[in-house]
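**Q** Sharing a model prediction with you, sequence too.
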Amino acid sequence: MRALLCALALALVLPATASAQTFVAQDLSIAGAVVASPDPLERTVRFTVTNHGPGPVDGYAYLTVERLLATSILAAPGCTVRTVVGSPIDARCELGAGIPENESRSVDIALRFTGNDLVRDQIVGTAGVASSTGGLPVGDRDGTNNQVTVDLGLVVPPPSMKLDVLVPRLQHGTQARILYLVTNTGGVPLTDVRVTDDGCASPQSSNGVTTIPPRLGPQSTLSFTCIATTPAHRKGEKPHVHHVVATAQAGGQVLRSEQTAAGRYVEPVRQCGSFALARGGKRRTYDATTAHPDVKCKTARRQLARCLRRHKAPEGFTCRTYANGKLAYLRPKPFTGADWLRAARR
């Protein structure tokens, strides 16, 4: 009886021990290094996972990537990129089953830095073995060499900024809101940011702030605005060209950025009566309009009639007819805004 009990106990113990052995993975190690820097804020990191045995990997090797919240993954061929809130794992790369002993598998991860704390310009790679693709880990014989932290090697970009000027279409006798955008494109805070415009007095910060923090990833932009009143029209005038200068203090030096932007007038359309024209043996009547302040209605009607009759526009103008003469217009060269003459068939 005692022998039977011992045999039964041995039969129960041995499968359990063998089963436990199947959940002990081989010894995997991982190495990581920056292999490319295509941009000051972009890096390509290569992770290499090696099987040290004994024997081939008894399961499916994989690699997980953690970004430390300071980078975004641009590309990870063969990997599943995760966006789960609160998850420490940002990507999982399946390396395959049965990797032979002393052989390696590599994965390249392309990243872009998106923070402003260079202490966190790192990425962590961890190697493991799972019982199936996408499965849970089954352990590693040596858990001290299956994780690596790679510094991206970023340096603080030098001070720099960019200026953009947005001038709306102008109409005489009305107010126009001009927008100026100052962007910190460097790694140093910008302070005492100011904008001047010879065509609009005293542009002001939209929110009263005159400091732009450094942004090593997404650019940080501060907007300025200025309200200008467009004077009455003068014959032959051209829109004012705004000469804009932005200045800022940056790490003990003064940054300066200049930009020019030409305004563009939009004039209301004036009705200029009608004119008759014989074309193709038929007499047709057209309504004439003009949006050019320096062209009189009599001149507009004459020019349109001549253009439709001779298919030749006056010097400096382009004449087109669409839909078998149902719509005709005359525009100065080049086409700019609403600076045109047009006649539509009644």
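**A** Yep, it's here.
**Q** partner strands of the helix or strand containing G32, parallel or antiparallel?
**A** Per DSSP states H and E, G32 falls inside strand 28-39. Strand 28-39 has the following sheet partners, assigned by DSSP bridges: strand 42-51 (antiparallel).
**Q** for the strand it pairs with, the distance to its chain's centre please.
**A** 27 Å (C-alpha atoms, centre = their mean, to the nearest Å).
**Q** same thing with stretch 114-123?
**A** 20 Å.
**Q** Identify all contacting residues around the strand holding G32.
**A** Outside strand 28-39, the residues within contact range by C-beta atoms under 8 Å, 6 or more residues apart in numbering are 43-52, 57, 61, 63, 108, 112, 123, 125-129, 140, 142, 145-153. The way it works is simple: take the backbone N, C-alpha and C, and place the C-beta from them, glycine included.
**Q** isn't there a helix covering Q303?
**A** Yes. Secondary structure assignment places Q303 in a helix (DSSP: H, G, I helix; E, B strand; the rest coil).
**Q** Pull up the gap between it and E267, please.
**A** Distance, Q303 to E267, by C-beta to C-beta, to the nearest Å: 17 Å.
**Q** same check, this time on L111
**A** Distance from L111 to E267, by C-beta to C-beta: 52 Å.
**Q** So between the two, which is more surrounded?
**A** L111 (25 against 18; other C-beta atoms under 10 Å).
**Q** what residue ranges in the chain score low on pLDDT?
**A** 1-24, 69, 83-88, 217-218, 279-280, 311-346 (pLDDT under 70).
**Q** Which segments of it make up each domain?
**A** What automatic domain parsing lists as the domains of the chain is 23-151, 161-265, 270-345.
**Q** Kindly check the end-to-end length of the second one for me.
**A** This points to domain 161-265. With C-alpha to C-alpha, to the nearest Å as the measure, domain 161-265 spans 30 Å from end to end.
**Q** Extract the C-alpha trace of stretch 233-248 and format it as PDB.
**A** In PDB, the C-alpha atoms belonging to stretch 233-248 read as follows (Å, rounded to 0.1, in the frame of the first residue of the first chain):
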ATOM      1  CA  HIS A 233      -8.900 105.300 -52.200                       C
ATOM      2  CA  ARG A 234      -6.500 107.400 -54.300                       C
ATOM      3  CA  LYS A 235      -6.200 106.900 -58.000                       C
ATOM      4  CA  GLY A 236      -3.300 104.700 -59.100                       C
ATOM      5  CA  GLU A 237      -2.400 103.700 -55.600                       C
ATOM      6  CA  LYS A 238      -0.900 100.400 -54.700                       C
ATOM      7  CA  PRO A 239      -1.500  98.400 -51.400                       C
ATOM      8  CA  HIS A 240       1.000  99.200 -48.700                       C
ATOM      9  CA  VAL A 241       3.900  96.800 -48.100                       C
ATOM     10  CA  HIS A 242       4.300  96.100 -44.400                       C
ATOM     11  CA  HIS A 243       7.900  95.900 -43.100                       C
ATOM     12  CA  VAL A 244       7.600  94.000 -39.800                       C
ATOM     13  CA  VAL A 245      10.400  93.300 -37.300                       C
ATOM     14  CA  ALA A 246      10.200  91.000 -34.300                       C
ATOM     15  CA  THR A 247      12.800  91.100 -31.500                       C
ATOM     16  CA  ALA A 248      13.400  88.900 -28.400                       C
END
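**Q** Tell me where the stretch 101-250 of the chain has strands.
**A** Per DSSP state E, counting those that start in this stretch, the stretch 101-250 of the chain carries strands over the ranges 104-113, 122-130, 147-151, 161-166, 169-170, 175-184, 191-197, 204-205, 220-229, 241-250.
**Q** Let me see the contact set for the nearest residue to R120 once chain neighbours are set aside.
**A** Residue nearest to R120 in three dimensions, not counting chain neighbours: A70, with 3.9 Å by C-beta to C-beta, 6 or more residues apart in numbering. For A70, the contact set (C-beta under 8 Å, 6+ apart) comprises F113, T114, G115, D117, R120, D121, Q122.
**Q** again with D151
**A** Contact analysis of D151 by C-beta under 8 Å, 6+ apart lists V34, D121, Q122.
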